[in-house]
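> Got a predicted structure plus its sequence, pasted below:
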Amino acid sequence: MYIRIKRLFYFPLAFYFRFFASLRLKFWNPRIIVITGSSGKTTLLHLVESQIGDKAKYTHEANSSFGIPFDILGIHRKDLTFIEWPKIVFLPIFSLFKPVPREKIYIVEADCDRPYEGNFISSLLKPEVTAWTNVSRTHSMNFDRLVGKNKFSRIENAIAYEFGYFIERTRNLVIINDDDLYEASELGRTMANVVSVSSKHSLKNYSISLGKTEFKFDDFVVSFRYLMPGEISTSILMARQITNYLGIEFDVTFGKFILPPGRNSLFEGIKGTTIVDSTYNANMDSMSAVVGMFGKIKARKKWVVLGDMLEQGKEEKEEHENLAKLILNFKFDRIILMGPRVTQYTKPLLPDSTVAFLGPKEVLEYLKSNLRGGEIILFKGARFLEGVIEHLLKNKKNIEMLSRREKIWEIRRKKWGL
């Protein structure tokens, strides 16, 4: 019932905030660069931010039909609880009297969680530039009905079509991932200049260790002190295209880059363990990237803790079986699964030593009992795995560096016993 009500009122209410946001955009009139795609958007935004710095304003933690208008209006939710809404409803009126941002460039991360969202956001922004990272099965359940009505042959085509509204409304430059066939199928909708980047052709070598990730391209080398999947090479190339377009010198060191929370952050854990926190999101695309990255790291004892991939809809069984096939490509010392989906679909295809639990509290208890010291543990998946990490950190001050720090998530974690 709640989901039906949310669907019914989602866009009508979003239109209210969008109306005021459109007025403020007219007063401000920035150059708008949109970063969109199924995954990798936030990392690309941070890569671009490390290049452009304070010359631009960025939509940190705001990428939806509500979040983007909120960011334009200067509305920042703190707790994400329902009690905030009575106050929020009146804020757009007052925002029109605030000074507009001084930055003349606006870098916007934009998602398409549901049908019509790409149309809704792109018609507000009308971007000068769009960088489209990829297309994969994210929020698939929201697009199932379009496939069921035979509007699209595959769920990826339905998702790609919605993202396609951004390139359709882009005025000057579209940057696409040439390795993504679904993006190519939508290019007929844009009149803008199209630039393709391809990591398959441009990336010559990728190497990773706990202290360093290095990408070697045709004409430059980039090194990070963070853990970065090989797929980030496409984002690096897109960041270079954006800086070139803006006439800004490309900094191959990415010296000001800051890794967003929950994207392979590295922490010291209890009992001399090392934690890799990749708990921000989970779909097969990001699972493949992160598990593949983890598989390349040399370590004595490697454990993986993998949770459900949510909102997969009719593709749920297939995607969780694909997860098992992915895991079997690597020799992990311990495989720990959490959630009803990985328990039902993934575990039966894995070795008998694999353990599975339904909730995060059980995973936490298992880890505390079985860790012996020296393990490096990857956490990837849904169902509040960041709450498990909280209790395994050696330095509790690092808790503030985890994802989902708002009050609403704290409340929900407590309901799971964390």
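That came in fine, so what should we check first?

> going forward, measure contacts and count neighbours with C-alpha atoms only.
Will do.

> Helices of the stretch 1-150 of the chain, start to end?
Taking DSSP state H, counting those that start in this stretch as the test, the helices found in the stretch 1-150 of the chain are 2-28, 41-52, 67-73, 85-88, 91-95, 117-125, 144-148.

> Average pLDDT for the shortest one, rounded please.
Across helix 85-88, the average pLDDT comes to 84.

> what comes up buried for stretch 24-41?
For stretch 24-41, burial by neighbour count (16 or more other Cα atoms under 10 Å) applies to 24-25, 28, 30-41.

> Centre of the chain to it, how far?
In terms of Cα atoms, centre = their mean, to the nearest Å, the centre of stretch 24-41 is found 16 Å from the chain centre.

> Bridged to Val276, which residues?
Leu266, Leu378 (DSSP bridges).

> who are the neighbours in contact with it?
By Cα atoms under 8 Å, 6 or more residues apart in numbering, Val276 lies in contact with Asn264, Ser265, Leu266, Phe267, Ile376, Ile377, Leu378, Phe379.

> ok, the third one - how many residues close by?
In terms of burial, Leu266 registers 19 neighbours under the definition other Cα atoms under 10 Å.

> And it, how far from Thr273?
11 Å (Cα to Cα, to the nearest Å).

> before we move on, what about Ser39?
29 Å.

> Regarding stretch 382-402, how distant is the last residue from the first?
14 Å.

> Identify each buried residue in that stretch, please.
382-394, 399, 402.

> show me where the stretch 101-250 of the chain has strands.
For the stretch 101-250 of the chain, the strands defined by DSSP state E, counting those that start in this stretch occupy 105-110, 129-132, 173-177, 193-197, 203-209, 212-217, 221-224.

> Turn those into JSON lines, including mean neighbour count, mean pLDDT and distance to Val147.
Shown next, in JSON lines, are those (neighbours: other Cα atoms under 10 Å; pLDDT from 0 to 100; distance: least, Cα to Cα, whole Å):
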{"stretch": "strand 105-110", "mean neighbour count": "24", "mean pLDDT": "98", "distance to Val147": "23"}
{"stretch": "strand 129-132", "mean neighbour count": "28", "mean pLDDT": "98", "distance to Val147": "23"}
{"stretch": "strand 173-177", "mean neighbour count": "24", "mean pLDDT": "97", "distance to Val147": "24"}
{"stretch": "strand 193-197", "mean neighbour count": "15", "mean pLDDT": "96", "distance to Val147": "28"}
{"stretch": "strand 203-209", "mean neighbour count": "17", "mean pLDDT": "96", "distance to Val147": "35"}
{"stretch": "strand 212-217", "mean neighbour count": "17", "mean pLDDT": "96", "distance to Val147": "38"}
{"stretch": "strand 221-224", "mean neighbour count": "16", "mean pLDDT": "96", "distance to Val147": "41"}
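
> Out of those strands, flag the one nearest Pro340.
strand 105-110 (30.1 Å; Cα to Cα).

> So what are the sheet partners of the closest one and their directions?
strand 31-36 (parallel), strand 56-58 (parallel).

> In the chain, where is pLDDT below threshold?
1-6 (pLDDT under 70).

> Would you mind measuring from the residue lying farthest from the centre of it to Ser353?
Centroid-distance maximum for the chain: Phe97 at 33.2 Å, with Cα atoms, centre = their mean. Here Phe97 is placed at a distance of 62 Å from Ser353 (Cα to Cα).

> Give me the neighbour count for Phe143.
Close neighbours of Phe143, defined as other Cα under 10 Å, add up to 25.

> my read: it touches Tyr116, true?
No - if you go by Cα atoms under 8 Å, Phe143 and Tyr116 don't touch, sitting 10.3 Å apart.

> Give me the neighbour count for the nearest residue in space to His76 that is not next to it in sequence.
Of all residues not flanking His76 in the chain, Phe70 sits nearest, at 6.7 Å (Cα to Cα, 6 or more residues apart in numbering). Counted with other Cα under 10 Å, the neighbours of Phe70 add up to 25.

> Phe152 too?
Counted by other Cα under 10 Å, the residues lying close to Phe152 total 17.

> what's near enough to touch the nearest residue in space to it that is not next to it in sequence?
Spatial nearest neighbour of Phe152, chain neighbours left out: Ala158 (5.8 Å); criterion: Cα to Cα, 6+ apart. Contacts for Ala158 (Cα under 8 Å, 6+ apart) come out as Phe143, Leu146, Val147, Lys151, Phe152.

> quick one: which of the residues you listed is nearest Glu61?
Once Cα to Cα is applied, the member of these that ends up nearest Glu61 is Phe143, at 23.5 Å.
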